[in-house]
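Asker: return a 3D structure for these sequence lines:
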Amino acid sequence: MAPFILLILVFGVFIYFSRRSQKRQEAEHRKMVENLDRGTRVMLNSGLIARVEKIDAEAKEAKLLIDEDKKVFAIYSLLAIAKVFDEKKSSVKED
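Answerer: Predicted coordinates for the structure are as follows:
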């Protein structure tokens, strides 16, 4: 009976730490997305790199500029943003 209790205890500790880590990662992602503004370069989970054109916080979506020369835009969920680059490009014109 003691090995069974030890196994349950180890499993419980594992679940506790994995959930804590997951909550920390969610908080970091939420903070990253809240600090996005127009012109910021981002990388999506798929590896696509684009610039933020407009953010709709209510719908949790972002309009991204995919190709600057041809002015190709796409709308993605904010959850798809994996990385934010520090550089900004000033050529994105304000409305």
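
Asker: quick one: the strands in this protein, in order.
Answerer: 40-44, 49-56, 61-67, 72-77, 81-88 (DSSP state E).

Asker: okay, now the domains of the chain?
Answerer: 1-35, 37-95 (automatic domain parsing).

Asker: the strands of the chain: which one's closest to Ile15?
Answerer: Ile15 sits nearest to strand 81-88 of all those, at 25.5 Å, using Cβ to Cβ. Every C-beta, even on glycine, is put in place using the N, C-alpha and C of the backbone.

Asker: ok, now which ones touch Asp37?
Answerer: Taking Cβ atoms under 8 Å, 6 or more residues apart in numbering, we find Asp37 in contact with Val52, Ile55.

Asker: next, give phi and psi for it.
Answerer: Reported as degrees, to the nearest 10, the phi and psi values for Asp37 are phi -140, psi 170.

Asker: from Tyr76, how far off is it?
Answerer: Distance, Asp37 to Tyr76, by Cβ to Cβ, to the nearest Å: 16 Å.
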